[in-house]
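Undergrad: sequence-free structure coming up:
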């Protein structure tokens, strides 16, 4: 069974969701100075937060959205801190820093807080065409030295296979972006159909801080 969702535009809803997240932060979290994530096509933990943040105890999630269900059960802070999945001081050596099978968690970053994002299974998808737009919401307005966007090769199955660097094709590398809360750019990934993973590396400008973001998409 396959699900599809359409990411919503960057609107005041995001501000409300961010405010809600901050209200739910428990004392041992550390992202009061929030960062950002890809919101369209939604990163895995942002999508789970957007769909279930105000209803995360609903038992219906187990059947309706099983990958989000396992993520909430593993660690709710994966979603409350959807904007904090990053590594520092990678020095551009992304493949060296992030082992195969841990790409969506940023290499087991933050003490394993995001490990559930590496789980293999039927993650909900956003419908896209061969040409689509990637949208970042950067609450802290860090800007970007660059973005690198990879898309899985045709034949890879996110529902049954862990994600590795060998599964990915680099389809876009941008230049720098000035600090802003909303950044978007176009991507082209022809020759694909079905469920794929868009893997975005956002190199923030304020520090050597690299974000690693998995978004599940369906190429129609």
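TA: Perfect, I can see it now. None of these values were measured; they are calculated from a predicted model.
Undergrad: going forward, measure contacts and count neighbours with C-alpha atoms only.
TA: Noted.
Undergrad: Helices of the chain, start to end?
TA: Per DSSP state H, the chain carries helices over the ranges 12-24, 44-52, 61-64, 66-74, 77-80, 94-97, 109-112.
Undergrad: Spatially central residue in this protein, please.
TA: residue 43 (2.5 Å; Cα atoms, centre = their mean).
Undergrad: just the strands in this structure please.
TA: For the chain, the strands defined by DSSP state E cover 4-5, 36-40, 86-88, 125-128, 131-138, 144-152, 168-173, 182-188, 194-204, 209-219.
Undergrad: For those, give me TSV that also has mean pLDDT.
TA: Converted to TSV, those look like this (pLDDT from 0 to 100):
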stretch	mean pLDDT
strand 4-5	44
strand 36-40	97
strand 86-88	94
strand 125-128	98
strand 131-138	97
strand 144-152	98
strand 168-173	98
strand 182-188	98
strand 194-204	98
strand 209-219	97
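Undergrad: Indicate which one of those strands is closest to residue 102.
TA: Proximity to residue 102, assessed across the strands of the chain by Cα to Cα, is greatest for strand 209-219 (10.1 Å).
Undergrad: Packing partners of that closest one?
TA: strand 36-40, helix 44-52, strand 86-88, strand 125-128, strand 194-204 (3 or more Cα pairs under 8 Å, 6 or more residues apart in numbering; DSSP states H and E).
Undergrad: try it again with 10 Å
TA: strand 4-5, strand 36-40, helix 44-52, strand 86-88, strand 125-128, strand 144-152, strand 194-204 (3 or more Cα pairs under 10 Å, 6 or more residues apart in numbering; DSSP states H and E).
Undergrad: In contact with residue 108, which residues?
TA: 85, 87, 98-99, 101-102, 114-118 (Cα atoms under 10 Å, 6 or more residues apart in numbering).
Undergrad: Could you check how many residues crowd around the closest residue to residue 109 other than its chain neighbours?
TA: Distances taken as Cα to Cα, 6 or more residues apart in numbering place residue 87 nearest to residue 109, at 6.7 Å, with adjacent residues excluded. Neighbours of residue 87 under the rule other Cα atoms under 10 Å: 20.
Undergrad: Please apply the same query to residue 101.
TA: Neighbours of residue 101 (other Cα under 10 Å): 18.
Undergrad: Same question for residue 92.
TA: Counted with other Cα under 10 Å, residue 92 comes out at 12.
Undergrad: so it touches residue 210, yeah?
TA: Yes: at 8.3 Å, residue 92 and residue 210 qualify as touching, with contact defined as Cα atoms under 10 Å.
Undergrad: Between the two, which contacts overlap?
TA: With Cα under 10 Å, 6+ apart as the test, residue 92 and residue 210 both reach residue 203.
Undergrad: In contact with residue 150, which residues?
TA: Applying Cα under 10 Å, 6+ apart, the residues near residue 150 are 165, 167-173, 187, 189, 197-201, 214.
Undergrad: And residue 213, by the same measure?
TA: 37-39, 42-46, 85-86, 103-106, 117, 149, 197-202.
Undergrad: returning to that earlier point: so which of the contacts of residue 150 comes closest to residue 51?
TA: residue 214 (16.5 Å).
Undergrad: How much space separates the closest residue to that closest one other than its chain neighbours from residue 74?
TA: Among residues not flanking residue 214 along the chain, residue 199 sits closest, at 4.8 Å (Cα to Cα, 6+ apart). Going from residue 199 to residue 74 by Cα to Cα, to the nearest Å gives 22 Å.
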